[in-house]
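[1] Here's my sequence, what's the structure:
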Amino acid sequence: MILTNNQIKAQEQKILGDLGETIAVDLLQKFYNTKSVINLNDLQNNFPLFDLAVNENGKDLVFTVKARRKYTPSEGKLNGEYNLTTVKNSAKKLESFQKAKIKHNLQTTFDDMYWIAIPYEQDTWVPVYYGHIRDLPACNIDDFVSGKNTYMRIKMKESYTSQYQILGHVKINLAKQTYETKNV
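    Numbering: from 1, shown residues only. You can find the predicted model right below:
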């Protein structure tokens with residue numbers, strides 16, 4: 001069977017996404033000094049909006065993880081934004097998250113919602129950025145929280161990333177599906 005370029009790209013993105021979540025678990029365990037990082041997709045297939053949770057003082061902090069190529073393969077340009085929601089789906093995603101949160105008894109509020117971004121470059125140490133959802137630049141968080149459709153994205157240009165917190169560093173070998181991490 002010969003795969004099309006789109007199939008190869010989708011397969012690569014799936015591998016990178018899975019590795020990104022594994023890397024985030026590793027770094028969150030070190031950061032919070034706990035082994036109790038919950039993969040929300042283990043609770044519910046394709047858990048809405050968020051991927052991981054960490055219980056911190058009786059509250060569940062939730063994290064969405066985005067691992068993407070730092071540069072586009074075809075043009076070599078910076079992949080400048082990692083989408084969390086689109087205008088069409090943000091209200092629905094938040095509503096689905098609220099239902100799943102209740103179903104699985106997650107003790108989380110808007111103040112407990114975070115993002116993690118991993119800008120992949122083959123065999124290169126890169127920072128793993130993280131922050132609170134409300135601190136994303138150019139996002140209308142009030143609209144999102146009130147259930148209105150809004151576009152939410154992590155901006156990855158240096159003028160933004162230089163302001164982000166760093167959870168750790170990672171070097172990924174996508175072909176071998178391996179990685180190394182180091183703390184900040």
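
[2] Give me the nearest residue to N41, chain neighbours excluded.
    F47 (5.1 Å; CB to CB, 6 or more residues apart in numbering). Using the backbone N, CA and C atoms, a C-beta is placed for each residue, glycine as well.

[3] Over to Y32?
    Closest to Y32 by CB to CB, 6+ apart is V54, at 5.2 Å.

[4] And the strands in the protein?
    Taking DSSP state E as the criterion, the chain contains strands spanning 37-39, 52-56, 59-69, 81-85, 113-120, 126-132, 152-155, 165-173, 178-183.

[5] And those, which one averages the lowest pLDDT?
    With a mean of 85, strand 81-85 has the lowest mean pLDDT of the strands of the chain.

[6] Direction included, what does that strand pair against?
    When pairing is defined by DSSP bridges, strand 81-85 lines up against strand 152-155 (antiparallel).

[7] circling back: list just the one of the strands of the chain that sits closest to I2.
    strand 59-69 (22.9 Å; CB to CB).

[8] okay, the angle between the closest one and strand 165-173?
    Relative orientation of strand 59-69 and strand 165-173, computed by axes from the mean of the first three to the mean of the last three CA atoms, to 10 degrees: 50 degrees.

[9] same for strand 59-69, what does it pack against?
    helix 5-32, strand 52-56, strand 81-85, strand 113-120 (3 or more CB pairs under 8 Å, 6 or more residues apart in numbering; DSSP states H and E).
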